[in-house]
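Peer 1: Can you look at this prediction? I've put the sequence above it.
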Amino acid sequence: MEGPVDLRMQPFGPARLFTVDEANALLPRLTEIFRRMDPKLARLREIRDLVEDAQAYWHSTGDGMPPEERTVYEALVAQEATVQKDVEADIREIRSLGCELKDTGQGLIDFPGWVEGSIAYLCWQRGEGSVAFWHTLEGGFAARRPLRP
């Protein structure tokens, strides 16, 4: 899975800069994507736990398992790949909107934008009613500050 683009390394800046209103307009769509992604992420964690348990128990990634166990193991590995592809599609959809997904579990999204005369990130976390915070390109969630009205 490709990582987010580091805006500090882009010679011409980000492809798109958002206003607060533009970022807020995307929140219903982002909320829906997260709603779809949540059960997939939960299932992916479950499958990975089962795969890891089987590997630890059999000290193997399939070859040393009895045929019945190996069949179950291979089915889990196939499910893991399918669910991972589904999650990656959701992540690509988020990125296609021009924003950056920082944390799937917390639902952290950064929108490149102008704040106080500089390119910065407008910052939103799932559950917040609107985009009301920002941080520098170098800062993160812990460094976010309220937007001025």
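Peer 2: Sure, I can see it.

Peer 1: Which helix runs longest in this protein?
Peer 2: helix 20-58 (DSSP state H).

Peer 1: Of all the residues in the helix or strand just after that one, which ones are buried?
Peer 2: Downstream of helix 20-58, the first helix or strand assigned by DSSP states H and E is helix 67-96. In terms of neighbour count (16 or more other CB atoms under 10 Å), helix 67-96 has its buried residues at 70, 73, 76-77, 79-80, 83, 86-87, 90-91, 93-94. Heads up, the C-betas are built off the backbone N, CA and C, glycines and all.

Peer 1: now the angle from the longest helix of the chain to helix 67-96?
Peer 2: Put simply, helix 20-58 runs at 170 degrees to helix 67-96, going by axes from the mean of the first three to the mean of the last three CA atoms, to 10 degrees.

Peer 1: elements contacting helix 20-58?
Peer 2: helix 67-96, strand 108-115, strand 118-125 (3 or more CB pairs under 8 Å, 6 or more residues apart in numbering; DSSP states H and E).

Peer 1: buried stuff in it?
Peer 2: 20, 22-24, 26-27, 30, 33-34, 37, 40-41, 43-44, 47, 50-51, 54, 58.

Peer 1: Give me the most central residue, this structure.
Peer 2: Residue closest to the average C-alpha location in the chain (CA atoms, centre = their mean): Thr104, at 3.8 Å.

Peer 1: Settle this for me: that one is touching Ile91, isn't it.
Peer 2: Yes - in terms of CB atoms under 8 Å, Thr104 counts as a neighbour of Ile91; the distance is 7.5 Å.
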